[in-house]
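> coords please:
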Amino acid sequence: MISVSVRVSLSYAEECIFDDFRLTLESGRLICLLGKSGSGKSTLLRFIAGLVSSNIATGKAVASDNNPLSGRVAWMAQQDLLLPWLKVIDNVMIGSLLRGEKSKEQVELARCLLARVELNGADQRYPHELSGGMRQRVALARTLIEDRPVNLLDEPFSGLDSSTRYQLQDLACTMLSNRTTLLVTHDPLEAVRMADSIYVLSGRPATVAQRIDPPGVPPRQLSDVNVSNAYAELMNQLVHPESADNVD
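The predicted model follows:
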């Protein structure tokens, strides 16, 4: 397992999004990041993934073992980014296909993951034959099959119905156990269910408030009184970010 230390300054045009912003993704923990639209959450994920131009950003994301992060990060964007000319099974295995690593074992694993995201039997369909929520589930399976030590997920469950969302939160918690994960969400309850630690991003340039560490082991049950207490604390930070102590 590895931790990741992030330090970044970033501006679009003349607007400063991050000014010497720092965040540590602790080894083997799932961190949820919340904040208003436009606060910089998705930009931060793209920076860690190495997808932001050096023309607008300075800084670095450094792994605790000092080896490059390249090749060790799985990134799931808000858009599903499925390739329309590939069948579902090949979209899930696109990483293996590009690396020339397709095998019978990979095919079986992909089919198993599709079943676990409730897409059993959809492996031979094309993206245009799927609903938006189904496409998002394919994208989640594509991310999970990579089995990387660092995972960056940008609103992975936003287009799903409530019951499917709940089930896939459980699946993600299981499969990302002992992985270093940063998950962006707009759903406070989702964060409280899934996260080891929660941060709220706010302001310009952006800062994060004092972190919340919900008690218990994810995925937490909604009936747990600790979930209600952590939810109330998180909502207070979201509604009144100026009242929370900021941390570097």
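> Remind me which helix or strand the residue nearest the centre of the chain belongs to.
Nearest to the mean C-alpha position of the chain, counting by C-alpha atoms, centre = their mean, stands residue 153 at 1.7 Å. Residue 153 belongs to strand 150-154 when assigned by DSSP states H and E.
> Tell me which other helices or strands that strand touches.
helix 41-48, strand 73-76, strand 180-184 (3 or more C-beta pairs under 8 Å, 6 or more residues apart in numbering; DSSP states H and E). For every residue, glycine as well, the C-beta is placed using N, CA and C.
> hey, which of these is tucked in deepest?
strand 180-184 (a mean of 25; mean count of other C-beta atoms under 10 Å).
> Compute the inter-axis angle for that strand and strand 150-154.
Here strand 180-184 points in a direction 10 degrees away from that of strand 150-154 (axes from the mean of the first three to the mean of the last three C-alpha atoms, to 10 degrees).
> CA-only coordinates of strand 180-184, as CSV, when you get a sec.
Extracted in CSV, the C-alpha atoms of strand 180-184 (Å, rounded to 0.1, in the frame of the first residue of the first chain):
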residue,chain,number,x,y,z
THR,A,180,-5.6,4.4,-1.5
THR,A,181,-8.7,6.0,-2.9
LEU,A,182,-10.1,9.6,-3.4
LEU,A,183,-13.8,9.7,-4.3
VAL,A,184,-15.6,12.9,-5.2
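> Mind giving me the packing neighbours of it?
strand 15-25, strand 30-35, helix 41-48, strand 150-154.
> could the helices and strands packed on strand 150-154 be laid out in JSON lines, adding mean pLDDT and distance to residue 125?
Shown next, in JSON lines, are the helices and strands packed on strand 150-154 (pLDDT from 0 to 100; distance: least, C-beta to C-beta, whole Å):
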{"stretch": "helix 41-48", "mean pLDDT": "94", "distance to residue 125": "28"}
{"stretch": "strand 73-76", "mean pLDDT": "95", "distance to residue 125": "20"}
{"stretch": "strand 180-184", "mean pLDDT": "97", "distance to residue 125": "27"}
